[in-house]
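Novice: Need coordinates for the following:
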Amino acid sequence: MGRDLGEVASLARKLEVVISDGTDAVLSQTRPDVVFLTTASFLEVVYPQLEGCIKAGVNVVSTCEELSYPYRKVPQLSAEIDKIAKANEVTVLGTGVNPGFLMDAWPLFMTGVCQQVKRIKVTRIQDASPRRGPFQKKIGAGRTLEEFKKLVAAISAIITGRLGGHITLKKILVISCLGTGLLYLSPMWARTVTQLIIFIALTGLFKGGLMTSSNALVGLSVPRSQQGIAYGVATSAQALGSGLGPLIGGSLAPLIGLRPVFGVAGGFFMLTGIAVSKLLARVTLEKPAT
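Specialist: Residues are numbered from 1 along each chain as shown. Presented below is the predicted three-dimensional model:
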C-alpha cells in the first residue's frame with residue numbers, strides 16, 4: 001500500500017496513481033467514470049465491492065464470471081444490483097466468461113444452424129503463472145512435487161471415503177493396487193512432460209486410495225484391543241516401503257534402465273493386488289462400534 005502503480009507494474013516511470021486499500025476514500029477523491037472490478041469469480045464475494053462502487057455513483061465493468069448472467073443462480077442479489085444501479089443511475093456490465101460457457105454452451109449455440117455436425121474440438125490452454133494467488137493455489141501451481149503428491153493423496157482420501165458407502169473397502173483396496181500397478185507401467189510409454197505429470201497425478205490418486213482403504217480395513221478386521229499394534233505395524237510397513245522403494249529403484253536403474261524400473265514396480269503392485277484379493281476373501285470385517 002502507498003506505492004505508485006508504475007513502480008508496482010515495473011514501469012520505468014511513475015503514473016502518479018497511489019495504491020490504496022481505502023476504496024471509499026479513493027472513489028470519493030477521484031470520482032472515476034468507471035471501475036474495472038477483477039477481484040473474484042463468485043458474485044456473493046464481489047457483491048459488497050459492487051455495492052460500494054454503485055452507491056458512489058460509478059459505472060462498473062467486472063470480469064466476475066457469475067455476473068455475466070446471475071439471474072438464475074442468485075436472483076435476489078441480481079435484483080438488488082439492478083435496483084441500486086438504477087437508483088444511482090449507473091451501469092453494471094459482466095464480461096467474465098467461465099469454461100462451462102466457453103467450452104460447452106458456446107459451441108452448442110454456434111452449431112445450432114448446422115444441419116450436420118461430425119466433430120467438435122475445444123481446447124483450453126492457459127498459463128497459471130500470471131494468475132492470482134488463490135487460483136494458483138486451487139490448481140496446485142507453484143507447489144513442489146511432494147506437496148502436489150500430498151494434495152492428490154488428500155483428494156483421493158475424500159473420494160475413497162465417499163466411495164466406501166457404495167463399494168466395499170475390499171474392492172477399493174484391490175482396485176487401488178491394480179490401478180497403481182497399471183499407472184506405474186504407463187511412464188514406460190510417456191513421451192512428454194505433460195503425459196508424465198498426468199501419470200504421476202493419477203498414480204497419486206490410486207496410491208491415496210490404497211493407503212486410506214488399507215488403514216480402514218485394519219480398523220475393521222482387527223479386534224479393538226489389538227488395533228494399536230495393527231496400526232503401528234501397518235504404518236511401519238508403509239514407511240518401510242516408501243524408504244526401500246526408491247532405494248531399490250535407484251539401484252536397478254543403472255542395470256536395466258529407468259523406464260523398465262517403472263515396469264518392475266507396476267508388476268509388483270499388480271501381483272500384490274491379485275494376492276490381496278485372494279487374502280481378503282478369508283478376512284471377516286468387524287462392525288464398527290457405535
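Novice: Can you pull out the low-pLDDT segments for the chain?
Specialist: 149-170, 187-189, 208-211, 213, 215-222, 227, 280-290 (pLDDT under 70).
Novice: which residue is nearest the middle of it?
Specialist: If you average the C-alpha coordinates of the chain and look for the closest C-alpha using CA atoms, centre = their mean, you land on I139, 4.4 Å from that point.
Novice: Against P134, how distant is the closest residue to that one other than its chain neighbours?
Specialist: Once flanking residues are discounted, I139 sits nearest to A128: 6.0 Å by CB to CB, 6 or more residues apart in numbering. Every residue, glycine included, has its C-beta placed from N, CA and C. Here the distance between A128 and P134 works out to 11 Å (CB to CB, to the nearest Å).
Novice: Repeat that for A9.
Specialist: In this structure, A9 and P134 are 21 Å apart, going by CB to CB.
Novice: Kindly indicate whether Q136 is helix, strand or coil.
Specialist: With DSSP: H, G, I helix; E, B strand; the rest coil as the basis, the three-state label of Q136 is helix.
Novice: residues touching it, list them.
Specialist: Applying CB atoms under 8 Å, 6 or more residues apart in numbering, we find Q136 in contact with 128-129, 142.
Novice: So A128 and P134 - more neighbours on which side?
Specialist: Neighbours around A128 and P134, counted as other CB atoms under 10 Å, are more numerous at A128. The numbers are 13 against 9.
Novice: circling back: can you give me the distance of the residue nearest to the centre of the chain to S68?
Specialist: To S68, I139 is 22 Å away according to CB to CB.
Novice: before we move on, what about A105?
Specialist: Taking CB to CB as the measure, A105 and S68 are separated by 11 Å.
Novice: same check, this time on L271
Specialist: According to CB to CB, L271 stands 53 Å off from S68.
Novice: Give me the more crowded residue out of these two.
Specialist: For L271 and S68, the more surrounded residue by other CB under 10 Å is S68, and the numbers stand at 16 against 13.
Novice: so that one makes contact with G96?
Specialist: Yes - applying CB atoms under 8 Å, one finds S68 in contact with G96, separated by 5.5 Å.
Novice: which neighbours do these two share?
Specialist: Common contacts of S68 and G96 (CB under 8 Å, 6+ apart): none found.
Novice: those strands in the chain, which residues are they?
Specialist: Using DSSP state E, the strands of the chain run over 34-37, 59-62, 92-94.
Novice: any chance of these in TSV, plus distance to R124?
Specialist: Written out in TSV, the entries for the strands of the chain read as follows (distance: least, CB to CB, whole Å):
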stretch	distance to R124
strand 34-37	24
strand 59-62	21
strand 92-94	20
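Novice: where exactly do the helices run in this protein?
Specialist: Along the chain, counting by DSSP state H, helices occupy 5-8, 23-30, 43-55, 75-87, 99-100, 106-110, 133-139, 145-163, 169-185, 193-221, 227-256, 258-280.
Novice: ranking those helices by burial, who's on top?
Specialist: Looking across those with neighbours counted as mean count of other CB atoms under 10 Å, the highest average goes to helix 169-185: a mean of 21.
Novice: what's that helix packed up against?
Specialist: Counting contacts by 3 or more CB pairs under 8 Å, 6 or more residues apart in numbering; DSSP states H and E, the secondary-structure elements packed against helix 169-185 are helix 145-163, helix 193-221, helix 258-280.
Novice: now that helix, how far from the centre of its chain.
Specialist: 22 Å (CA atoms, centre = their mean, to the nearest Å).
Novice: on that earlier part again, which member of the contacts of Q136 is positioned nearest A230?
Specialist: Using CB to CB, G142 comes nearest to A230 of the contacts of Q136, at 38.6 Å.
Novice: For the residue lying closest to the closest one once chain neighbours are set aside, give its distance to V97.
Specialist: Leaving aside its sequence neighbours, G142 sits nearest to Q136 (CB to CB, 6+ apart; 5.4 Å). When CB to CB is the yardstick, Q136 and V97 sit 20 Å from each other.
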